[in-house]
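*Asks:* pasting the structure only:
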């Protein structure tokens, strides 16, 4: 199935879903995911492997971490080549004073926002969808 690329459709059908739990950013300087950890995101950088994983897993495997987040998935199936979705979502959250780290998956976009503002971020995104059209 091809992802949606029309910005109005994307915004009106965001359907943000907040995953339960607390997620954190950590690094694995040796470049390997520690046994017992199942990150939801990995990014290889020159300084090491960045992991986004449940806070409890980071604690259990002894990884120092920072930025405790909530994980929001935009359920709209966005095309990787779509233009403007990231900017519109970022602007709405910026206007609300909510920081956001966004990761594009093949089917959906995933946002990591400050944990204590997760529900507020979902409300901001639902308002953006409502204001954007038929969704």
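*Replies:* Now that the structure is in, tell me what you want to look at. What you see is a predicted model; the values in this text were computed from it and never measured.

*Asks:* How much space separates residue 128 from residue 76?
*Replies:* Computed with Cβ to Cβ, to the nearest Å, the distance linking residue 128 and residue 76 is 12 Å. Heads up, the C-betas are built off the backbone N, CA and C, glycines and all.

*Asks:* Overlap in contacts, the two.
*Replies:* residue 14 (Cβ atoms under 8 Å, 6 or more residues apart in numbering).

*Asks:* ok, now which ones touch the nearest residue to residue 27 once chain neighbours are set aside?
*Replies:* The spatially closest residue to residue 27, leaving aside those adjacent along the chain, is residue 48, at 4.4 Å (Cβ to Cβ, 6 or more residues apart in numbering). Residue 48 makes contact with 27-31, according to Cβ under 8 Å, 6+ apart.

*Asks:* OK, contacts around the spatially most central residue of the chain?
*Replies:* Nearest to the mean C-alpha position of the chain, by Cα atoms, centre = their mean, lies residue 111 at 1.8 Å. Applying Cβ under 8 Å, 6+ apart, we find residue 111 in contact with 16, 71-74, 89, 93, 100-103, 121.
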